[in-house]
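Peer 1: Predicted coordinates and the sequence they were generated for:
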Amino acid sequence: MDKKVKVLVTIPRRLYGQVSRPEDENKLREIAEIIFNPYDRNLSEDELADLIVDIDGCITSWGSPKFTEKVLNKANKLKIIGHAAGSVKPYVTEEVFKRGIVVVNAASAIAVGVAEFTLAMILNCLRAIPQYINAMRRKNWRYKEERTEKTYDLRNKTVGLIGFGAVARELVNLLRPFNVKILVFDPYVSLEELKDYKVEKTDLDYLLSNSDIVSLHAALTPETYHMIGEKELRRMRPTSFLINTARGALVDEKALYKALKEKWIAGAALDVFEEEPLPPENQLYELGENVFLTPHIAGLSDERRSMLFGVIVEDFRRFFSGEKPLNAVDYTKLSFLA
């Protein structure tokens, strides 16, 4: 590059401090003149439209304004948008792609965190680790004799993955040492794509009735809304567990409450909910030790959150150097991505 490009960072300063590291900003400064959001809040549509003039690249994160027609009409030099977070659906439109603007995101980095968290929750469910921790807080050493539900190994079990995007693929790699059989239901993934992962593609009914652990990794679309309801939960084994670190509305929560209350399944671990924050009156809070609830934290440890900006900076470096970005969003697949 003969001269530095101009990059607008729309991320509010407080959030910017959480998703970036000094070395990543320094790396961006080597190739770009940086214009920062001057506020500790997200920009308005009008503010973004004013700032986007003569900008070559724009870096966004959670809560950034959408690239509307009004914004794009001012984006006379915009070539690439980098989203230092996961899904770009709330922020970009079809028109962005039609104009040839490249879109990249940091979903690959988040997927690593979600996969690790999912594995942790699988082990928590099978071994009842949180229940034992809580018992020891109550100074109840004899809980291990009092507890009536069985605990299980992960080794040699069958894990069913619903959806086979980045998170599920990371999870497969983490599960390998446990010698599990892995079933996959994902109508958008070909057998050729699955070949290297050594998993078995199957239909939803077979997966539900033959898995010891069912883990959700699908995007929320009109097709997948409440895809796990009463019929599906009744297909699962009474010794099986449901894990949801994807989207809350994939599961009919009323049906799940009934399934857990009546013990159609052994338990569940839920990090996402149809309404967030989960309302205090939600029935899921009333359940006992067969459900683990966490407040949508699967994606990012504080350490991994600080890496998101760096993922985008590296793709900007590649793009403006004439190389192919590593995390480009394919518009043709956007409808069924998370």
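Peer 2: Happy to help now that I have it.
Peer 1: Tell me where the stretch 101-250 of the chain has helices.
Peer 2: Along the stretch 101-250 of the chain, counting by DSSP state H, counting those that start in this stretch, helices occupy 107-127, 129-137, 143-146, 166-175, 191-194, 204-210, 230-235.
Peer 1: CA atoms of the fifth one as CSV?
Peer 2: The reference is to helix 191-194. What follows is helix 191-194, C-alpha atoms only, in CSV (Å, rounded to 0.1, in the frame of the first residue of the first chain):
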residue,chain,number,x,y,z
LEU,A,191,-21.8,-35.2,2.9
GLU,A,192,-18.6,-34.0,1.3
GLU,A,193,-18.3,-31.3,3.9
LEU,A,194,-18.8,-33.8,6.7
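Peer 1: tell me which residues of that helix are tucked away?
Peer 2: Across helix 191-194, burial judged by 16 or more other C-beta atoms under 10 Å covers Leu194. Just so you know, the C-beta spots here come from the backbone N, C-alpha and C atoms, and that holds for glycine as well.
Peer 1: Ok, the longest one next?
Peer 2: Neighbour counts over helix 107-127 (16+ other C-beta under 10 Å) mark 107, 109-119, 121-122, 124-126 as buried.
Peer 1: okay, now the domains of this structure?
Peer 2: Per the record, the chain has its domains at 5-106+307-336, 109-293, by automatic domain parsing.
Peer 1: Relative to Ser301, which of these is closest?
Peer 2: In terms of C-beta to C-beta, the element of the domains of the chain nearest to Ser301 is domain 109-293, at 6.1 Å.
Peer 1: In JSON lines: the helices of the stretch 101-250 of the chain, plus distance to Asn282.
Peer 2: JSON lines is the format used below for these (distance: least, C-beta to C-beta, whole Å):
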{"stretch": "helix 107-127", "distance to Asn282": "19"}
{"stretch": "helix 129-137", "distance to Asn282": "19"}
{"stretch": "helix 143-146", "distance to Asn282": "27"}
{"stretch": "helix 166-175", "distance to Asn282": "25"}
{"stretch": "helix 191-194", "distance to Asn282": "36"}
{"stretch": "helix 204-210", "distance to Asn282": "24"}
{"stretch": "helix 230-235", "distance to Asn282": "18"}
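Peer 1: Looking at those, which is nearest to Glu276?
Peer 2: With distances scored as C-beta to C-beta, the stretch of the helices of the stretch 101-250 of the chain nearest to Glu276 is helix 107-127 (15.9 Å).
Peer 1: For the closest one, name the packing helices and strands.
Peer 2: Packed against helix 107-127, as judged by 3 or more C-beta pairs under 8 Å, 6 or more residues apart in numbering; DSSP states H and E, are the following elements: helix 166-175, strand 213-216, strand 241-244, strand 267-270, strand 291-293, helix 302-305, helix 308-320.
Peer 1: any chance of the ones you listed in a markdown table, with mean pLDDT and mean neighbour count too?
Peer 2: Shown next, in a markdown table, are those (pLDDT from 0 to 100; neighbours: other C-beta atoms under 10 Å):
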| stretch | mean pLDDT | mean neighbour count |
| --- | --- | --- |
| helix 166-175 | 97 | 21 |
| strand 213-216 | 98 | 27 |
| strand 241-244 | 98 | 27 |
| strand 267-270 | 98 | 24 |
| strand 291-293 | 98 | 18 |
| helix 302-305 | 95 | 13 |
| helix 308-320 | 98 | 23 |
